[in-house]
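>>> Predicted model, plus sequence, below.
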Amino acid sequence: MQPQALPGFRDFYPTDLALREHIFRTWRRVAARYGFEEYDGPPLEPLELYTAKSGEEIVGQLYSFTDRGGREVSLRPEMTPTLARMVAARANGLRKPIRWFSIPQLFRYERQQRGRLREHFQLNCDLIGEPGHLADAEIVALAIDAVRAFGLGPEDVRVRLSDRRLLTALLQNLGVAETQVPVVWQVFDKLRRTPEEITAAKLSGAGIPGATVERLLGLARSRSWSDLPGLGPGLDAALARGEPLRRTLESLEAMGYGDYLDLDLGIVRGLAYYTGTVFELFDARGELRAICGGGRYDNLLQSLGGVDLPALGFGMGDVVLGELLRERGLVPEPGSSIDVFLAAITPDDLPHVLGLARELRDAGLRVEYALAPQAVGKQLKLADARSARLAVVVGPDDRARGEVMVKDLRGKAQESVARSAVRERLTSAVGRVG
RNA sequence: GUGGUUGUAGCUCAAUCGGUUAGAGCGCCGGACUGUGGCUCCGGAGGUUGCGGGUUCGAUCCCCGUCAGCCACCCCA
């Protein structure tokens, strides 16, 4: 048995890397449209960067170890603490609001499943220094565009939005005790995967009265702002805490993203530091894991870096998105790896092929030729396999006339071209500029 | 971390009741084809049936262990 990659880690063969690069390119293009600048940080961080604020869920699955200097370290499981540190260190000098993005490789030590490895790449977009709802709308819009740019529409991807301020206020108003709130959150987090009877039983089991359970289930079923009121007396006051969410939804509708959106109080998110808006993107059929998750974390920079700046952002992983693109046939066909293949008829032609290769490569063309003597048919077969657009056949007869044969491999056509005009002819045919 | 399930060629799969030399398609390499590719035809390489042990005259097949994938939990970047 040959050694293989560690469980949960991927080898990227050229076709795999092509998809990965397609995803990265698209992400970068969309982030740029929103005026976001790219940054990066270290893949290995002090363990305490995560144990401090991230919450049990992440800490329990850190890819951590002791380094040779005796330091407790961890591969980064998320980018936000690194970002918070970087921003806090230069907070005074950075023009607000800060719009930054990154595509870090993140790591978690957990048992892998489909769509969930020990390593993945994640688009992280964060908007720092703006507390208002337009920032929330901007971030959600960016997340939507980051999938829309691949050709995914509202029938493919849904956005579910909630707000911790609103949910907390609603629970308070319903008389849910402080100690029961974590239980309710946990139950809400599983709503989509749990039959309603079981959800109800869990809530009752936590000591919540039957009438309150009914109203909690009503809240959980709400899919739009207008579903929320009218659930009972006393809720109106709590709904006031939902103003930011309501305005965020309104703004997104004004941008034309309304058909992607669902209100969903079942969106809780595991990370402890979220303070307001929380949202996730899912495939519309509900077959895959979340594509993206994010929210507002207004206190994190304060607690991590001592700088009081409101912030929000999201992370979007390459694994689930890649699966969705494959399922929907949205993975682009691989392009050709070369523009021109050079074929030598006789060993005497080889030096001329080499010289031409140098000239064409300098001109920016992608050029390949056979590295061992082969029959012309064989060489052209390789040219074809490489999806080269053009081939140049260099033979003694043509050479004697100061010419070479240029073939268009997409058809049958070929013509003699003066050696001195080859470069110009090929560069204009390919349309590639070095 | 817990439970279930599946591991046969690079890929997708086959192999009778447990039966002796584990096959096919695709892909790869070579030939037909020494100045012309895609098509076709012919040939070849490639397997310790994930690994280790057990039962048996005999194991791809049955049993145990282990590793890996998948699924469900846990949890969710």
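Nice, thanks for sending it over. Numbers count the residues shown, from 1 in each chain, chains lettered A, B, ... in the order given.

>>> Could you pull up the residues touching A:F314?
By CB atoms under 8 Å, 6 or more residues apart in numbering, the contact set of A:F314 is A:124-125, A:139-140, A:142-143, A:279, A:292-295. (Glycine included, C-beta is placed from N, CA and C.)

>>> Now narrow these to whatever sits close to RNA strand B.
A:G293 (CB under 7 Å from any atom of the strand).

>>> From the contacts of A:F314, list the buried ones, please.
A:124-125, A:139-140, A:142-143, A:279, A:292-295 (16 or more other CB atoms under 10 Å).

>>> and chain A, what are its domains?
Each domain of chain A is listed here as a residue range: A:14-327, A:340-429, per automatic domain parsing.

>>> what's the most buried one of these?
Ranked by mean neighbour count, the domains of chain A are led by domain A:14-327 with a mean of 18 (mean count of other CB atoms under 10 Å).

>>> Just checking the distance from that one to the centre of its chain.
Centre-to-centre, domain A:14-327 and its host chain are 13 Å apart (CA atoms, centre = their mean, to the nearest Å).

>>> And for stretch A:422-434?
36 Å.

>>> can you put the contacts of A:F314 in TSV and add pLDDT?
Formatted as TSV, these follow (pLDDT from 0 to 100):
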residue	pLDDT
A:N124	97
A:C125	97
A:I139	97
A:V140	97
A:L142	98
A:A143	97
A:F279	94
A:C292	94
A:G293	93
A:G294	94
A:G295	94
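
>>> just checking, next helix/strand downstream of the helix or strand of chain A with the lowest mean pLDDT?
None of the helices or strands of chain A scores lower by mean pLDDT, DSSP states H and E than helix A:56-59, at a mean of 62. Downstream of helix A:56-59, the first helix or strand assigned by DSSP states H and E is strand A:63-66.

>>> With only the CA atoms kept, save that following strand in CSV.
Taking Å, rounded to 0.1, in the frame of the first residue of the first chain, the C-alpha atoms of strand A:63-66 are listed here in CSV:
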residue,chain,number,x,y,z
TYR,A,63,-5.9,20.8,15.0
SER,A,64,-3.5,21.7,17.8
PHE,A,65,-0.2,20.4,19.2
THR,A,66,2.9,21.4,21.0
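
>>> For the nearest residue in space to A:L356 that is not next to it in sequence, which residues are in contact?
Using CB to CB, 6 or more residues apart in numbering and skipping residues adjacent in sequence, the residue nearest A:L356 is A:L342, 6.0 Å away. With contact taken as CB under 8 Å, 6+ apart, A:L342 is in contact with A:353, A:356-357, A:360, A:367-369, A:391-392, A:394.

>>> again, only using 6 Å
A:353, A:356-357, A:369, A:392 (CB atoms under 6 Å, 6 or more residues apart in numbering).

>>> Just these: which are in helices?
Among the contacts of A:L342, DSSP state H puts A:353, A:356-357 in helices.

>>> now the contacts of A:L342 as TSV including distance to A:G306?
Listed next are the contacts of A:L342 as TSV, based on distance: CB to CB, whole Å:
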residue	distance to A:G306
A:V353	65
A:L356	63
A:A357	59
A:Y369	61
A:V392	65
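
>>> ok, back up a step: secondary structure element for the residue nearest to A:L356?
strand A:340-344.

>>> got it, and A:M405?
Assigned by DSSP H and E, A:M405 falls in strand A:403-408.

>>> Can you list the strands that that strand pairs with?
Partner strands for strand A:403-408, per DSSP bridges, with pairing direction: strand A:390-394 (antiparallel), strand A:414-418 (antiparallel).

>>> returning to that earlier point: and the contacts of A:F314, which is closest to A:S337?
Using CB to CB, A:N124 is the member of those that lies nearest A:S337, at 31.2 Å.

>>> So what does that closest one have for phi and psi?
phi -110, psi 120 (degrees, to the nearest 10).

>>> and A:V278, what is it in contact with?
Residues in contact with A:V278 (CB under 6 Å, 6+ apart) are A:162, A:267, A:269, A:295.

>>> cool, and A:T82?
Going by CB under 6 Å, 6+ apart, A:T82 touches A:G41.

>>> Could you tell me whether it really is in a strand?
No: assessed by DSSP: H, G, I helix; E, B strand; the rest coil, A:T82 does not belong to a strand; its assignment is helix.

>>> separation between it and A:R215?
41 Å (CB to CB, to the nearest Å).

>>> low pLDDT regions in chain A?
Along chain A, segments meeting pLDDT under 70 span A:1-3, A:53-58, A:229-234, A:270-271, A:432-434.

>>> Quick check: next helix or strand after the top helix by length along it?
The longest helix of chain A (DSSP H) is helix A:14-33. The C-terminal neighbour of helix A:14-33 among helices and strands, as given by DSSP H and E, is strand A:37-38.

>>> Okay, now the sheet partners of that next one, with direction.
Short version: by DSSP bridges, strand A:37-38 pairs with strand A:98-102 (parallel).

>>> Give me the contacts around the partner strand.
A:31, A:35-40, A:79, A:124-129.

>>> Next, the angle helix A:14-33 makes with it.
In terms of direction (axes from the mean of the first three to the mean of the last three CA atoms, to 10 degrees), strand A:98-102 departs from helix A:14-33 by 180 degrees.

>>> How about the residues of the stretch 51-200 of chain A by RNA strand B?
Counting by CB under 7 Å from any atom of the strand, the stretch 51-200 of chain A sits next to RNA strand B at A:55, A:57-58, A:61, A:77-78, A:106-108, A:110-120, A:122, A:186, A:189-190, A:193.

>>> close to RNA strand B, is the helix or strand that contains A:G315?
When elements are assigned from DSSP H and E, A:G315 belongs to strand A:311-317. Yes: Strand A:311-317 comes into contact with RNA strand B (CB under 7 Å from any atom of the strand), by way of A:315, A:317.
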